[in-house]
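>>> take a look and give me a structure for this.
(one chain, ligands or ions: 1)
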Amino acid sequence: MKLRTKLWLLLVVSTAMSMVLFGYSSVWIGKAANKGYTLFQLNPLAQSIVDSIEEQPEFGEDALKRTLDNAHVEHPAIRWLWLNDQGQSLYDTSGLNPNLSFKDLAMLMQQMPQRFLTDDDVHILTPAARDGQSYFLLLSIPASEMKQGEVYFMVRTYKSLLTLVVPIILSFSLPFLLAIWLFSSINKRIRKLNHALNQLNIQSDSPHVELVDRSKDELGQLTQHYNSMALRIRSQFAEIQQFENKRKLLLSNLSHDLRTPLTTMLGCAEMIRTGNYKDQQELQGRAKIILQRCRYMDKLLDQMLDISRQDSDDLTIRLADHNLSEVVRKIAVEYIMILDGDQIQFDVEMPDEDIQIAVDAPLIERALRNLLDNAVRYGNEGRYLGIQLTADEQAVNLIVKDKGKGIPPEHHARIFERFYRVDGGRKGEGLGIGLAIVKDIVEAHQGRIEMSSIPGVETTFRITLPRT
Ligand code: ADP
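Numbers count the residues shown, from 1 in each chain. Modelled structure (predicted):
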């Protein structure tokens, strides 16, 4: 069933129920809370007394007294007065027995029946006839004995009932119409939201449809949430796509990177096998090329392993107390040998006393080697390589410096992202994974890595490891 039909049903049923409820509850609550006589009770009561006197078999003072006294006993708040047609009292239950002139009676009847709304006594004069004589029964009751409130709805003819139909329909339908208007507008907004959710297109090249709903109510808030959610999904999708593209590019580059050195190595090996070289120096040169290419391929395979390890989030660290100065010294010696003859100034700075810290030494070595490799590979124009080890009570810092071409500021924010490369494409070796690995290793040690670079002046990578 559609919401609109449900609403109509609800409104019709609830109106019928509320009308019945109103009628019954007002009558019962009125009865319980409002004690007293109503005009509608008093008139028939007076008439019933008159009827009983008129129908009495004998009519005399005693019979009259008996009837009126009985009525007084039954209704002690009411004063009963039996008058002849001259206004003379024949019996008065209050014992006053007044003689009433026409003026007196007229004054008593003044403003009846509305009189019960004031504080004056209420009087009802009922004519009677007995034995050919005219009499009057005067019923008097204090206003305080009347009901304190009454609602009348009086219709004498069907025609007059019809005049009420339009106001009743109008007054009952107004809340309906307002409720339907409110519901329709809410329904329209929900439909819009529903439609937008249905159409939600996460492709970043399709136009983004922003829903406009300025109201501050729950639906307005939902629309705002929808808008921000749609934007977030689209940007995340774009990021995933970008990542996926990089991955594809990486795979195709990788197969190319593996095949190229292989071809060179095959050529060199073939030359050595056939003995087709000029002298010992050429032989050495070819062997060196094979060695270089092997190292390069080895590194590529290492990086591939790193990628799959990162994909499976497999970076478990085994902390143990290590002499970090010793680790740095060992790596520095390696690089001094590698750079031997390359005319690169190599500075190693570390405190005299050894620095002990709980780390996963092989992982820290790898991080340091990655930074040093980058400094050699990308920063060799500066002819400078620096390693610095500093420590205080809280932390240990490992700094790698070079003075090469550096990293332009627009790349700083993303430099630690996986597959991110400054040249973006194929210039130079590498898969854009090295710095991401360094960051993972450092963060696994609860440390942090920072980078600062002024291209052509100095590029610094600083690893900070907490001591506790
Ligand atoms: P890869 O070296 O495999 O490309 P990295 O994550 O190690 O990946 O480095 C990402 C990019 O950061 C490199 O492509 C390079 O452009 C840049 N980069 C890293 N270190 C330096 C450095 N010392 N000097 C200049 N550029 C650097």
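
>>> next, the contact list for the residue of the stretch 101-250 of the chain found nearest the ligand, please.
Of all residues in the stretch 101-250 of the chain, L250 sits closest to the ligand, at 10.1 Å by C-beta to the nearest ligand atom. To be clear about C-beta, it is placed using only N, CA and C from the backbone, and glycine gets the same treatment. For L250, the contacting residues are I307, F419, L431, G432, by C-beta atoms under 8 Å, 6 or more residues apart in numbering.

>>> just the ones of those in helices?
I307 (DSSP state H).

>>> just the contacts of L250 that are near the ligand?
The subset of the contacts of L250 within reach of the ligand, by C-beta under 6 Å from any ligand atom, is L431, G432.

>>> among the contacts of L250, which are in strands?
In strands, judged by DSSP state E, none of the contacts of L250 are found.

>>> now the two most distant members of the contacts of L250.
I307 and G432 (10.0 Å; C-beta to C-beta).

>>> which neighbours do these two share?
By C-beta under 8 Å, 6+ apart, the residues touching both I307 and G432 are L250, R418.

>>> before we move on, the earlier item: what's the closest of the contacts of L250 to D51?
Within the contacts of L250, distances to D51 taken as C-beta to C-beta reach their minimum at F419, with 110.0 Å.

>>> the closest one touches F243, doesn't it?
Yes: F419 is within contact range of F243, at 7.3 Å (criterion: C-beta atoms under 8 Å).

>>> who has more neighbours, those two?
With neighbours defined as other C-beta atoms under 10 Å, F419 and F243 compare such that F419 has more, 16 against 13.

>>> quick one: T464 is in a strand?
Yes: applying DSSP: H, G, I helix; E, B strand; the rest coil, one finds T464 inside a strand.

>>> need the pLDDT of it.
For T464, the pLDDT comes out at 97.

>>> quick one: name the residues of the chain near the ligand.
370, 374-375, 378-379, 402, 404-407, 415, 420-423, 430-436, 459.

>>> closest one to N198 out of the contacts of L250, please.
F419 (34.8 Å).

>>> how about the backbone phi and psi for the nearest residue to R366 once chain neighbours are set aside?
Spatial nearest neighbour of R366, chain neighbours left out: I441 (6.7 Å); criterion: C-beta to C-beta, 6 or more residues apart in numbering. In terms of degrees, to the nearest 10, the main-chain angles of I441 are phi -60, psi -50.

>>> wait, doesn't I441 sit right on E365?
No: I441 is beyond contact range of E365, at 9.7 Å (criterion: C-beta under 8 Å).

>>> mind checking which of these two has more residues around it?
Set I441 next to E365 and count neighbours by other C-beta under 10 Å: I441 wins out with 24 against 18.

>>> element containing L249, please.
helix 218-274 (DSSP states H and E).

>>> which stretches of the stretch 351-468 of the chain form helices?
Here the stretch 351-468 of the chain has its helices, by DSSP state H, counting those that start in this stretch, at 361-379, 434-444.

>>> how about TSV for those, with distance to Y24 and mean pLDDT added?
Converted to TSV, the helices of the stretch 351-468 of the chain look like this (distance: least, C-beta to C-beta, whole Å; pLDDT from 0 to 100):
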stretch	distance to Y24	mean pLDDT
helix 361-379	82	91
helix 434-444	73	91
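
>>> nearest to A106, of the ones you listed?
Per C-beta to C-beta, nearest to A106 of the helices of the stretch 351-468 of the chain: helix 434-444, 106.7 Å.

>>> all strands of the chain, in order?
With DSSP E as the criterion, the chain has strands at 79-84, 89-92, 122-130, 133-141, 320-323, 345-349, 356-359, 384-391, 395-402, 448-454, 458-466.

>>> a markdown table for these, including mean neighbour count?
Below are the strands of the chain laid out as a markdown table (neighbours: other C-beta atoms under 10 Å):
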| stretch | mean neighbour count |
| --- | --- |
| strand 79-84 | 20 |
| strand 89-92 | 16 |
| strand 122-130 | 17 |
| strand 133-141 | 18 |
| strand 320-323 | 12 |
| strand 345-349 | 13 |
| strand 356-359 | 18 |
| strand 384-391 | 19 |
| strand 395-402 | 21 |
| strand 448-454 | 16 |
| strand 458-466 | 19 |
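
>>> G341: neighbour count?
Residues within reach of G341, counting by other C-beta under 10 Å, total 6.

>>> check the gap between it and D279 for me.
Noted for G341: a distance of 21 Å to D279, by C-beta to C-beta, to the nearest Å.

>>> no further queries at this time; thank you.
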